[in-house]
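Trainee: mind looking at a prediction? Sequence and model below.
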Amino acid sequence: MNKKQKKMLLRIIISAVLMVILHFVKAEGWLKLALYMIPYLIIGYDVLLKAFKGIRNGQPFDECLLMTIATIGAIVLGITGSGDYVEAVAVMLFYQVGEWFQSYAVGKSRKNISELMDIRPDYANIQNEDGTLEKVDPYDVEIGDIIVIQPGEKVPLDGTVEEGTTSVNTSALTGESVPRTLRPGDRILSGFINMTGVIKVRTEKEFDESTASKILDLVENASSRKSRSENFISRFARIYTPAVVIAAVLLATLPLLYELLIAKTSPDLGKWAYRALNFLVVSCPCALVISIPLSFFAGLGGASKSGILIKGSNYLEQLAGTETVVFDKTGTLTKGVFEVTAVHPDIIDGEELLHMAAHVERYSLHPIAVSLKKAYPNEHDDCEVSYAEEITGQGMKAIVNGKEIYVGNSGLMDSIGVEWHPCHHQGTIIHVSMDGVYAGHIVISDVIKENAGEALESLKKSGVRKTVMLTGDNRNVAEAVSRELKIDEFHSDLLPEDKVMRMEEILEGKEKGIVAFVGDGINDAPVLSRADIGIAMGAMGSDAAIEAADVVLMDDDPRKISKAIRISKKCLRIVYENIWFAIGVKILCLILGALGLANMWMAIFADVGVMVIAVLNAIRALFVRDL
Amino acid sequence: MKRSYNIDVDCANCANKMEVAAKKTEGVKDAVVNFMTLKMKVEFEDGADVETVMKNVLANCKKVESDCEIFF
């Protein structure tokens, strides 16, 4: 609680206690009025003051002014008729309770959410020549400087580990709770927390450009991009208050005129004035105006806690309506790295086949060579490799331990006259021949992520009607992947610009609903920005992707896509609940009030009670872990 | 040119009023008030003097919500 809130709470308590005491005091007439004025002024003096300022500044629909008119009106009715001042003071008291609660709840969630994203590092350690550590402002560290990070400290800047091994907690960036082990040469990002060892890091970015700063920036700015519901509510609020006030004026005058001029009866002045004052009490749109942005804010905060950064409330709102999800295959559904997926030897055993192939590729940097060497990690043994030669577009040949070995595609086998046979596996087939005899083949392919199947299943459960896969790969591979993952539609052999065209076709062809595109941010930035919602995954540290996308998934887990949609749905459900509930109760109260069926207590509930409930409901949007 | 300022205001509707008031101020191209983060983002017209414009923005905001503050 800040000072303002504490002071307010004190005023609320004092006047509430006074009200209880006054309940037992038997006073009549002016004395009673004077006694009730004490708590009224204690609780309401600032409202009265602001109302006065409102008049001076020509703000007729200022809440304070309306509250003042409502309460003073009720007091006047008390003087002239009922002699009851409790309602007037109660209106003011509860109005202030509502304001206090709102301020407290919002302050609390503001704090909670900023704690969620408490990744801003305060300092960096620089080692002096005598070996002592000096704490410096991370803004002062330049690119290429060496910083020391001790266990328990936040990593202040992006860089590469130079010395030391440690495990780091990456949960602030990825939502992943399993620590990651870092060794010299590994990239380290600001926002990680060093857990076990002392490491030295060579910085690669300035503080402003480092991941933690960028993410904080993104999260802080997200709630400034307002959603349609927020804009609707602020427009509604601008109309609502004047409309209710005008209705109140009409309610106070029209029936009177009717009774005076047409029915020719003596009008009941107090009755209609009381009903009109009820209107003023419910004229404040606060419940709506606070709970909608608060819901979005909480939703954005909860999402970022789970490693899903949403760049604006508007995107959080749109995500819920996602009906088509378009995937880029490589790096999104598949790992994007080639791996040996099958070894089919003919004359030697599988291990030996890999061994020979890896040797031939010893000096090659081709991706296929890299994956072959990765599959046979002990390639640098004492085998003798000579006469290695690349046959462009076909493969390699080399002499290994005196044997002439060819490694390459079917074209290479044809050209050297070796009879090969095809493989039933999908992927790139690497044939091997030894001294002119076919030795077998090795299948290399991009592997589907373990959780991709589950991800697509849960997308369908989250209301996505159609899934589409775009890929630059050939038809066979695309078909195999989409069959395995049960993807509805695929387009293969696409160049990057074809992907944009396909996306445009999908956008034109859709009936309704949002089209989301999921890519890894590598050369699909144009598609990311063209889609209704661009989702970049595994984008940690990739500036281009963070720039182009609307939603950034901090790790490369495709299940996060459906999670993001579910977070959005929950948030939106809460928003609509609040809109309907708050407007509903207020309108109901207005109708009952006009008919004389509601008293001022009910109006207070419609104002303050609804706001408290709406705010509490809004905070639920923060809890997204189990979605 | 865009600048972001910290603000202090108590209620969400007052923040909305501030936004409307800031937008109407001369020299301001667009303004967004974010009640949740207590920030006001102002986009200035070309050639506007930031200091003067912000003084006017504050004055206009004070008119609609006397209990507000902009830190610039």
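Mentor: Sure thing, it's come through.

Trainee: you'd agree B:V28 is up against B:L58?
Mentor: No: the criterion here is Cβ atoms under 8 Å, and B:V28 misses it with B:L58 at 11.8 Å. Every residue, glycine included, has its C-beta placed from N, CA and C.

Trainee: report all helices and strands that the helix or strand where A:F101 lies contacts.
Mentor: Using DSSP states H and E, A:F101 sits in helix A:86-116. If contacts are counted by 3 or more Cβ pairs under 8 Å, 6 or more residues apart in numbering or on different chains; DSSP states H and E, helix A:86-116 sits against helix A:3-24, helix A:29-56, helix A:63-77, helix A:286-305, helix A:600-604, helix A:610-619.

Trainee: so how far is it off the chain centroid?
Mentor: Chain-centre distance of helix A:86-116: 26 Å, with Cα atoms, centre = their mean, to the nearest Å.

Trainee: longest helix in the chain, please.
Mentor: All of this refers to chain A. In chain A, with assignment by DSSP state H, the single longest helix is helix A:559-594.

Trainee: wait, chain B
Mentor: Taking DSSP H as the criterion, chain B has its longest helix at helix B:50-64.

Trainee: report the contact partners of A:V326.
Mentor: A:467-470, A:502-503, A:506, A:515-518, A:527, A:531 (Cβ atoms under 8 Å, 6 or more residues apart in numbering or on different chains).

Trainee: sec struct for the residue most central in space within chain B, please.
Mentor: What sits nearest the mean C-alpha location of chain B, by Cα atoms, centre = their mean, is B:A22, with 4.5 Å. Secondary structure, DSSP: H, G, I helix; E, B strand; the rest coil: B:A22 is helix.

Trainee: wait, doesn't it sit right on B:V33?
Mentor: Yes: using Cβ under 8 Å, B:A22 makes contact with B:V33 at a distance of 7.0 Å.

Trainee: identify the contacts common to those two.
Mentor: Residues within reach of B:A22 and of B:V33 at once, by Cβ under 8 Å, 6+ apart, are B:M40.

Trainee: near chain A, which residues of chain B are found?
Mentor: Neighbours of chain A within chain B, by Cβ under 8 Å from any Cβ of the partner chain: B:10-13, B:16, B:19-20, B:32, B:34-39, B:41, B:63-64, B:66-67.

Trainee: follow-up on the earlier one: quick check, pLDDT for the residue nearest to the centre of chain B.
Mentor: For B:A22, the pLDDT comes out at 93.

Trainee: for the closest residue to it other than its chain neighbours, list the residues it contacts.
Mentor: Distance criterion Cβ to Cβ, 6 or more residues apart in numbering or on different chains; nearest residue to B:A22, sequence neighbours excluded, is B:A31 at 3.8 Å. The neighbours of B:A31, taking Cβ under 8 Å, 6+ apart as the test, are B:E19, B:A22, B:K23, B:T25, B:M40, B:K41, B:V42, B:E43, B:V57.

Trainee: so whichever residue of the stretch 401-550 of chain A sits closest to chain B is in which element?
Mentor: Closest approach between the stretch 401-550 of chain A and chain B, counting by Cβ to the nearest Cβ: A:E547, at 16.7 Å. Per DSSP H and E, A:E547 falls inside helix A:543-548.

Trainee: residues in contact with that helix: which ones?
Mentor: A:209, A:214, A:218, A:519-522, A:525-526, A:528-529, A:534, A:536, A:539, A:552.

Trainee: restricted to strands, list the residues you listed.
Mentor: Of the contacts of helix A:543-548, the ones assigned to strands by DSSP state E are A:G519, A:G534, A:A536, A:V552.

Trainee: who wins on neighbours among these?
Mentor: A:G519 (30 neighbours; other Cβ atoms under 10 Å in any protein chain shown).

Trainee: that one pairs with what?
Mentor: Note on A:G519: beta-bridge partners by DSSP bridges are A:A536.

Trainee: only the C-alpha atoms, please, for stretch A:340-360, written as CSV.
Mentor: The C-alpha atoms that make up stretch A:340-360 are tabulated as CSV, following Å, rounded to 0.1, in the frame of the first residue of the first chain:
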residue,chain,number,x,y,z
VAL,A,340,20.8,-39.7,-40.1
THR,A,341,17.4,-41.5,-39.7
ALA,A,342,18.2,-44.9,-41.2
VAL,A,343,21.2,-47.0,-42.2
HIS,A,344,20.6,-49.8,-44.7
PRO,A,345,23.8,-51.7,-45.3
ASP,A,346,24.1,-54.4,-48.0
ILE,A,347,27.4,-56.1,-47.6
ILE,A,348,28.9,-54.7,-44.4
ASP,A,349,27.3,-53.9,-41.1
GLY,A,350,25.6,-50.6,-40.4
GLU,A,351,28.3,-49.2,-38.2
GLU,A,352,31.0,-49.9,-40.8
LEU,A,353,28.9,-48.2,-43.5
LEU,A,354,28.5,-45.0,-41.4
HIS,A,355,32.2,-45.2,-40.5
MET,A,356,33.3,-45.3,-44.2
ALA,A,357,30.9,-42.6,-45.3
ALA,A,358,32.0,-40.3,-42.5
HIS,A,359,35.6,-40.8,-43.5
VAL,A,360,34.9,-39.8,-47.1
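
Trainee: list the buried residues for it?
Mentor: A:340-346, A:353-360 (16 or more other Cβ atoms under 10 Å in any protein chain shown).

Trainee: among those residues, which two are most distant?
Mentor: Farthest pair in the buried residues of stretch A:340-360 (Cβ to Cβ) is A:T341 and A:H359. Separation: 20.5 Å.

Trainee: how far off centre is the helix holding A:E547?
Mentor: Mean-position distance between helix A:543-548 and its chain equals 16 Å (Cα atoms, centre = their mean).

Trainee: what is the rounded mean pLDDT of that helix?
Mentor: For helix A:543-548, the mean confidence score works out to 76.

Trainee: swap in stretch A:120-131?
Mentor: So the average pLDDT for stretch A:120-131 ends up being 84.

Trainee: can you pull the buried residues of that stretch?
Mentor: Quick answer for stretch A:120-131 (16+ other Cβ under 10 Å): A:R120, A:P121, A:Y123, A:A124, A:N125, A:I126.

Trainee: equivalent analysis for stretch A:201-214, please.
Mentor: So stretch A:201-214, judged by 16+ other Cβ under 10 Å, has buried residues A:V201, A:R202, A:T203, A:E204, A:K205, A:E206, A:F207, A:S210, A:T211, A:A212, A:S213, A:K214.

Trainee: and if you look at stretch A:573-581?
Mentor: The neighbour-count check on stretch A:573-581 (16+ other Cβ under 10 Å) flags A:I574, A:V575, A:E577, A:N578, A:I579, A:F581 as buried.

Trainee: do the same with stretch A:604-622
Mentor: A:604-608, A:610-615, A:617-622.

Trainee: next one: stretch A:54-64
Mentor: Quick answer for stretch A:54-64 (16+ other Cβ under 10 Å): A:G54, A:Q59, A:F61, A:D62, A:E63, A:C64.

Trainee: part of a helix, is the third one?
Mentor: Meaning A:F61. No: counting by three-state DSSP, A:F61 is not part of a helix but coil.

Trainee: the nearest residue to A:A452 once chain neighbours are set aside - how many residues pack around it?
Mentor: Spatial nearest neighbour of A:A452, chain neighbours left out: A:L333 (4.7 Å); criterion: Cβ to Cβ, 6+ apart. Using other Cβ under 10 Å, A:L333 has 26 other residues around it.

Trainee: neighbouring contacts of the longest helix of chain B?
Mentor: With Cβ under 8 Å, 6+ apart, helix B:50-64 has contacts from A:57-59, A:62, B:1, B:3, B:5, B:14, B:17-18, B:20-22, B:24-28, B:31, B:42, B:44, B:68-70, B:72.
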